[in-house]
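1. predicted model follows, preceded by the sequence.
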Amino acid sequence: FRQHAPHKGYLKLLEMLTVLNLDYFVLTSNIDGYFMRAGFDPDRLYEVHGSTDYLQCPSFGRDDACTNKGLWPMVDDGTLESISLEATTNTATDLSQLPR
């Protein structure tokens, strides 16, 4: 998903909302991040199943194991700063490298 741009339907929808000056909120089950990349306001967007744009700490909520709400942004090459992900499963092989 990260290598592709949102299709023109996302841009048309945002254009319609903007031109008509409509108050909106987007609730999506999409995990591709296309609404964000199309320019939708992140404060008016809820991605129910999360996004492939973030890595979530598997220990979040237990004994202050994670900071930053347990989420870290991914970078364009599919890594989290210095942490490489296994290509087929998209999982970190050494969780000790995660920032705390």
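-> Thanks, I have it. Bear in mind the structure is a predicted one, so any value in this text is a computation, not a measurement.
2. all strands of this protein, in order?
-> Using DSSP state E, the strands of the chain run over residues 26-28, 45-47, 54-56, 71-73.
3. the closest residue in space to Leu45 that isn't next to it in sequence and Gln3, how far apart?
-> Of all residues not flanking Leu45 in the chain, Val26 sits nearest, at 4.8 Å (C-beta to C-beta, 6 or more residues apart in numbering). Every C-beta, even on glycine, is put in place using the N, C-alpha and C of the backbone. Using C-beta to C-beta, to the nearest Å, Val26 is found at 23 Å from Gln3.
4. cool, Thr52 as well?
-> 11 Å.
5. next: Glu15.
-> According to C-beta to C-beta, Glu15 stands 24 Å off from Gln3.
6. now for Leu13, how many residues are close by?
-> When neighbours are counted by other C-beta atoms under 10 Å, Leu13 registers 16.
7. list the contacts of it.
-> Taking C-beta atoms under 8 Å, 6 or more residues apart in numbering, we find Leu13 in contact with Ala38.
8. now swap in the one 3 residues further on and tell me
-> By C-beta under 8 Å, 6+ apart, the contact list for Met16 reads Leu22.
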